Structure formats: structure tokens, C-alpha cells
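Student: please find the sequence and the predicted model below.
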Amino acid sequence: PYGETVVGMIDGYKDAIGNPDADGNTTTDPDWDALNVHASEDGKTLTIQLAYPCSYFDKLCAFAAMSPVQQATVEANGDAWCTQPDTFVCNGPYMITNWVPSERIVLSKNPNYVGGWDTSKIVSDTITLLLLEDSSASYAAYNSGEAQLIKDVPTDEIPSLTKAEDGGDFYVDTILGTYYISLNDQKEPFTDPKVRKALSLAIDRDYVANTIMQGTYTPAYNLVGPGIVDENGMFYDNANGGKTYISDDYDANLEEAKQLLADAGYPNGEGFPTIEYSTNDAGYHTPVAEYVQQAWGELGITVNINKVEWASFTPMRRAGDYDVSRNGWVMDYNDPSNMIELFTTTNGNNDGKYSNPEFDAAVEASKVADKSVHFQKLHEAEDILMEDAACIPVAYYNDFWLQSPSLKGTWHSPYGYWYLQYGYVEE
């Protein structure tokens with residue numbers, strides 16, 4: 001999906017991929033020169049000609065999908081190039097030297113890592129990544145000392161853990177993402193914005209984030225959460241005239257939800273069809289589903305929970321084969337467009353099949369070099385999206401993990417990455 005965003009704005013994209021037929025298959029051989037992406041002869045300068053202005057292109061270029069790969073290795077090995085240590089050619093401070101599927105990946109110092117970085121601070125010769133199947137196995141490895149950091153913590157252990165700021169080893173840190181619920185906007189009764197808004201207002205976000213999710217998430221009253229930049233300050237702070245779109249007064253929200261449902265023709269839920277809430281069974285997803293079942297029951301709506309295996313869950317949701325489904329997005333680059341564009345009519349990640357020409361037009365109008373106009377149009381787009389209740393934002397993601405006090409020099413980014421290159425274990 002992000003590849004579509006990046007290459008779609010590169011000049012000559014259509015010529016490069018060939019002319020697609022009605023089924024989306026190209027009818028001519030690709031002409032990669034037509035992309036207008038060129039490297040200088042000395043290999044030190046990359047020039048990219050864009051098809052339209054993009055004020056956040058620098059942020060796109062920092063996204064992991066834009067990391068360079070060695071062409072000869074990829075062409076010689078196909079998709080298998082990235083599954084074997086001998087062919088996984090990288091340019092980072094570490095390289096893969098051993099890979100045992102379902103067990104571990106061993107990273108060793110990369111002797112070819114050069115440049116403007118302080119390589120003297122890279123002190124650990126190796127880093128071992130344990131490939132553990134579930135959170136209980138991760139927790140056991142941590143308690144035995146086999147692992148110094150685990151990012152999959154059993155949720156039932158969280159109440160007994162002490163947060164790092166209180167002298168413990170349990171960390172909670174913000175990432176740029178929103179946990180939301182998708183409604184299938186092409187299905188009755190979700191075609192009615194009043195119904196969608198009623199279902200949204202009937203959810204107590206503070207209870208979900210701080211009780212069900214045990215404070216590891218943050219209540220979400222907008223779609224785009226904190227930490228995303230605007231022309232001046234933060235996008236979240238400037239949205240909706242400085243007020244959240246959804247009030248934190250749950251009792252008032254619930255009364256409004258009941259009125260909206262009545263206005264839509266379903267007083268006290270009368271005549272509202274039984275609906276199915278689909279989710280995969282991991283982390284907090286099932287407890288949240290059970291809460292939604294109870295919360296919407298307050299409106300007189302019957303909800304059945306459909307637990308789907310992960311391998312089938314995303315394809316099912318993308319195909320629109322559901323009524324209501326848990327969903328979420330962690331942002332790839334720090335621009336609100338990365339979250340808002342998900343809901344344009346033709347976006348491949350628009351699982352709710354939301355479609356509003358005014359919203360699409362606002363997003364399209366944001367694709368300008370003028371940052372002031374860019375953010376203004378994205379604010380307009382979020383206004384439309386939240387008024388339509390195109391989705392139901394529930395909570396903002398945080399990462400939570402256990403880290404031994406002996407592990408020093410690592411840090412966690414708001415994109416959900418851990419940087420281990422300067423890490424070491426203090427004896």
C-alpha cells in the first residue's frame with residue numbers, strides 16, 4: 001500500500017509499469033527509465049522527478065519501504081533473497097549471520113558499515129533475535145534471563161508489572177497509530193451516517209483504553225492522534241478548532257447515540273438487524289469485542305462475535321466480507337495524509353468501503369507544495385470523515401514491553417521500531 005503512495009507520485013509511473021488492461025494486468029513491457037528516477041554516475045546522488053508536489057516527500061524517503069536493496073542479488077535470487085543470511089545484503093550496522101526458522105536470527109557487526117556514523121559506539125559483536133511463538137514463551141525467556149527485551153508481553157501479567165518510571169522494567173511508549181473499528185459502509189444499516197455515529201458514541205473510550213487495555217493504550221477522540229506534525233504545532237491540537245471531535249463525556253454521548261439511532265428509524269434498537277463483529281483472537285481484541293457487544297446492547301442491538309484466524313482475517317476484511325470488524329493503522333511517515341488517505345474511495349486499505357466525493361476532493365486538493373494549503377485541506381478531510389463516522393476511532397496505540405535494567409543504549413521510536421545498534425548488556 002505504501003509502495004502505491006510513493007511510486008504513484010513519481011513522474012512517468014504509468015509509462016514505467018505499462019498500460020494496464022481492464023483486469024489491471026500490464027499490456028506492455030515496463031519501461032523503468034520512464035519513472036524519471038536516476039542515480040548519478042558516482043552513485044552518490046539520487047534524483048527523483050515527482051508527478052505532483054509532495055510537501056512530505058522527505059518523510060516518505062525515510063520510510064523503511066524506501067530502503068535500497070542490491071539489484072543484482074534480488075534479480076539472482078528472486079523473493080528468496082531476503083530469507084537466507086548469505087543473500088540478505090543490507091547496509092546497516094549489523095548483518096544476518098545465522099537464521100534458524102522459528103527459533104532465532106543472529107545479527108553480527110557489519111564490517112562494511114561506514115559513513116558519517118560513530119561506529120565506535122557499536123559495541124556488541126552480536127544481537128540475537130529470538131523467534132518465539134507466543135507471549136507466554138517470550139515472558140518465560142525474559143524471566144530466565146535468555147532475553148533482555150521482549151515486545152510481546154502477556155496481557156494477564158500487566159497488572160503485576162511495575163512501570164519503568166516507577167523503578168520497574170515495564171515500558172509504555174507512544175507510537176503513531178490508531179486502533180479503530182471498521183463498519184461495512186456498503187451494507188445496510190451502516191450506509192446511514194446516523195447509525196454509524198450512534199455506534200461510535202456508544203463506546204466509552206476511556207474505559208476501553210484504561211480498563212480493558214489496562215492503560216497500555218490511550219483513548220481516541222479523533223482519527224489522527226497526537227504526535228503528527230502540522231504547519232504550526234501538532235495536527236491533533238489544531239483539529240476541529242482545537243476541540244476533539246468526540247466528547248469525553250460518555251454519559252452525554254450515550255444519550256446522543258440513542259437519539260441518533262431513533263432518528264435513523266431504530267428506537268431502542270427496534271428493527272435493527274443482528275450484526276456480526278469480526279476479530280482475530282490476539283491481545284486485547286477479544287475483550288474489546290466483548291465490550292462492544294455489551295455497549296451496543298445498551299442501544300438494543302444484538303451483536304455476535306466472529307473470531308477469525310489471522311491468516312484469513314485481513315483478506316476477509318479487505319474483501320468486505322464482514323459487518324463490523326476491528327481494524328487499525330500504525331503510520332509509516334509523519335504526515336496526517338498517511339492516516340486520512342486510507343479512507344479515499346480507491347484506497348486499497350479502505351476496508352470499510354467508505355466513499356464521499358467531498359472527502360476525496362479535499363484529500364486530492366491537499367497534494368500541493370504549499371504546506372499551509374496541504375494541512376488545511378487535510379483538516380477539512382478529517383472534518384468530513386468524522387462527521388460521517390467513516391470509522392470508529394477507539395484508542396491510540398502504544399508499544400509496551402519488558403526491558404532488563406542491564407540492557408543499555410537502546411531506544412524506541414514513535415514508528416514502533418527499536419534501535420539496538422548502540423545497545424549493550426551491562427555486567
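Tutor: Done, it's in.

Student: helix/strand/coil for F375?
Tutor: helix (DSSP: H, G, I helix; E, B strand; the rest coil).

Student: got the contact list for the nearest residue to it once chain neighbours are set aside?
Tutor: Spatially, and ignoring its direct neighbours in sequence, F375 is nearest to E231 (4.8 Å; Cβ to Cβ, 6 or more residues apart in numbering). Every C-beta, even on glycine, is put in place using the N, C-alpha and C of the backbone. E231 is in contact with 371-372, 374-375, counting by Cβ atoms under 8 Å, 6 or more residues apart in numbering.

Student: if we ignore the residues flanking it in sequence, what's nearest the residue nearest in space to the middle of the chain?
Tutor: Nearest to the geometric centre of the chain sits V330, at 1.8 Å (Cα atoms, centre = their mean). The shortest distance from V330 to any non-neighbouring residue, by Cβ to Cβ, 6+ apart, is to G177 (3.4 Å).

Student: am I right that that neighbour is in a strand?
Tutor: Yes: using three-state DSSP, the assignment for G177 is a strand.

Student: now the residue nearest to F375: which helix or strand?
Tutor: Here E231 sits in a region with no helix or strand, counting by DSSP states H and E.

Student: same thing with I305?
Tutor: Assigned by DSSP H and E, I305 falls in strand 303-307.

Student: can you point out the buried residues in that strand?
Tutor: V303 (16 or more other Cβ atoms under 10 Å).

Student: now do that strand: which elements does it pack against?
Tutor: With contacts defined as 3 or more Cβ pairs under 8 Å, 6 or more residues apart in numbering; DSSP states H and E, strand 303-307 has these neighbours: strand 275-279, helix 285-297.

Student: for L385, find the nearest of these.
Tutor: helix 285-297 (20.4 Å; Cβ to Cβ).

Student: just want the angle from the closest one to strand 275-279.
Tutor: 160 degrees (axes from the mean of the first three to the mean of the last three Cα atoms, to 10 degrees).

Student: one step back: how close does the residue nearest to the centre of the chain sit to V224?
Tutor: To V224, V330 is 13 Å away according to Cβ to Cβ, to the nearest Å.

Student: run through the helices of the protein in chain order.
Tutor: Using DSSP state H, the helices of the chain run over 2-8, 13-17, 57-61, 71-77, 135-144, 193-201, 205-207, 235-238, 250-263, 285-297, 310-318, 337-340, 357-365, 371-388.

Student: and those helices as a markdown table, adding mean neighbour count and mean pLDDT?
Tutor: What follows is the helices of the chain, written out as a markdown table (neighbours: other Cβ atoms under 10 Å; pLDDT from 0 to 100):
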| stretch | mean neighbour count | mean pLDDT |
| --- | --- | --- |
| helix 2-8 | 14 | 43 |
| helix 13-17 | 16 | 48 |
| helix 57-61 | 15 | 87 |
| helix 71-77 | 12 | 92 |
| helix 135-144 | 16 | 95 |
| helix 193-201 | 23 | 98 |
| helix 205-207 | 17 | 98 |
| helix 235-238 | 18 | 96 |
| helix 250-263 | 17 | 97 |
| helix 285-297 | 18 | 97 |
| helix 310-318 | 14 | 93 |
| helix 337-340 | 25 | 96 |
| helix 357-365 | 17 | 97 |
| helix 371-388 | 20 | 97 |
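
Student: can you tell which of the ones you listed is closest to M213?
Tutor: Among the helices of the chain, helix 285-297 comes nearest to M213, with 7.6 Å by Cβ to Cβ.

Student: now do the closest one against helix 193-201, angle only.
Tutor: Going by the same axes, to 10 degrees, helix 285-297 makes 120 degrees with helix 193-201.

Student: in terms of secondary structure, what does helix 285-297 contact?
Tutor: When contacts are defined as 3+ Cβ pairs under 8 Å, 6+ apart, helix 285-297 sits against strand 275-279, strand 303-307, strand 324-330.

Student: which residues does the second one contact?
Tutor: Pointing back at strand 303-307 there. 274-281, 286, 289-290, 292-293, 296-297, 322, 324.

Student: cutoff 6 Å now
Tutor: 275-278, 281, 289, 293, 296 (Cβ atoms under 6 Å, 6 or more residues apart in numbering).

Student: for the residue nearest to V330, give me its contacts.
Tutor: The contact partners of G177, taken as Cβ under 6 Å, 6+ apart, are 329-331, 397.

Student: equivalent analysis for L261, please.
Tutor: 198, 299.

Student: same check on the one 3 residues further on?
Tutor: When the contact criterion is Cβ under 6 Å, 6+ apart, the partners of A264 are 192, 194-195.

Student: could you rerun that using 10 Å?
Tutor: 189, 192-198, 272 (Cβ atoms under 10 Å, 6 or more residues apart in numbering).

Student: then E133?
Tutor: Contacts of E133 by Cβ under 10 Å, 6+ apart are 102, 152.

Student: what's the distance between it and F88?
Tutor: Counting by Cβ to Cβ - E133 and F88 are separated by 23 Å.

Student: now do L129
Tutor: Counting by Cβ to Cβ, the gap from L129 to F88 is 13 Å.

Student: just to revisit the earlier point, mind putting the contacts of strand 303-307 in JSON lines, distance to L402 included?
Tutor: As requested, the contacts of strand 303-307 are exported to JSON lines (distance: Cβ to Cβ, whole Å):
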{"residue": "I275", "distance to L402": "38"}
{"residue": "E276", "distance to L402": "36"}
{"residue": "Y277", "distance to L402": "31"}
{"residue": "S278", "distance to L402": "31"}
{"residue": "D281", "distance to L402": "23"}
{"residue": "A289", "distance to L402": "26"}
{"residue": "Q293", "distance to L402": "31"}
{"residue": "W296", "distance to L402": "35"}
